[in-house]
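# Generate a structure from the sequence data that follows.
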Amino acid sequence: MRQWLAIAFGMILVAGLWPMSAMAERLEGELDGNEREWYILRQDNESSATFTDVGDGDFLVDIVGFADPDGRRSRDSLSISMAFKDGELLHYDVLNLIGTSAMPPVYTSEGADVRLTLDTFAVEGGVARVVGSVKGVLALQEALGDAPNLEEGIDIAVAFDITASRIEY
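Predicted coordinates for the structure are as follows:
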């Protein structure tokens, strides 16, 4: 009898956890030589990974991963923004906030040597799956209006497998 209870309990546990593991998200890798992980935050109908269908096969994707898994209190974050046309990646920006505000100093892909490799971009209903990696050197932008400085940059090698939620206007 105990075996059946253990098996039944195990099956209930697996059935309950399966959707969570199937939706596991990953935004992790190395930043400035240190292993890092950022969390996609979700609460109610809001997410820190979103996409917008702007029509005619154009999509905008914004992924913001936070170092703090419990909330948005931390400004320590990694942001990857992408623009797509007919499923092809047109443009991307990577930003690492390093201070306590959303203003510089920041590390940015603007004026830097960063490559984004996209493995998957697929939209199905209200979600988009985005899989790829970012690799290169982010440039330091010390103040708003200053040109980013690649000489004071940091290395980045981050992989992502994210499910973004649709934003409706």
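
# Pro105 and Ile154, how far apart?
Counting by C-beta to C-beta, to the nearest Å, the gap from Pro105 to Ile154 is 12 Å. For the C-beta atoms, the positions are set from N, CA and C on the backbone; glycine is no exception.

# and for those two, which residues touch both?
Leu140 (C-beta atoms under 8 Å, 6 or more residues apart in numbering).

# For the spatially most central residue of the chain, report the pLDDT, please.
Centrality entry for the chain: nearest residue to the mean C-alpha point is Ile63, 3.9 Å, by C-alpha atoms, centre = their mean. Looking at Ile63, its pLDDT is 96.

# residues touching it, list them.
So Ile63 contacts Leu27, Ile40, Ser48, Ala49, Ser79, Ile80, Ser81, Val130, Phe160, Ile162, Ala164 (C-beta under 8 Å, 6+ apart).

# Same question for Arg26.
Residues in contact with Arg26 (C-beta under 8 Å, 6+ apart) are Ala159, Phe160, Asp161, Ile162.

# could you redo the last one with a cut-off of 6 Å?
By C-beta atoms under 6 Å, 6 or more residues apart in numbering, the contact list for Arg26 reads Asp161.

# in the helix or strand hosting Ser81, what's buried?
Taking DSSP states H and E as the criterion, Ser81 maps to strand 77-85. Buried positions in strand 77-85, judged by neighbour count with 16 or more other C-beta atoms under 10 Å: Ser77, Leu78, Ser79, Ile80, Met82, Phe84.

# List the beta-bridge partners for the residue nearest to the centre of the chain.
Ala49, Ile80 (DSSP bridges).

# Tally up the residues packed near Arg75, please.
Other residues lying near Arg75 total 15 when counted by other C-beta atoms under 10 Å.
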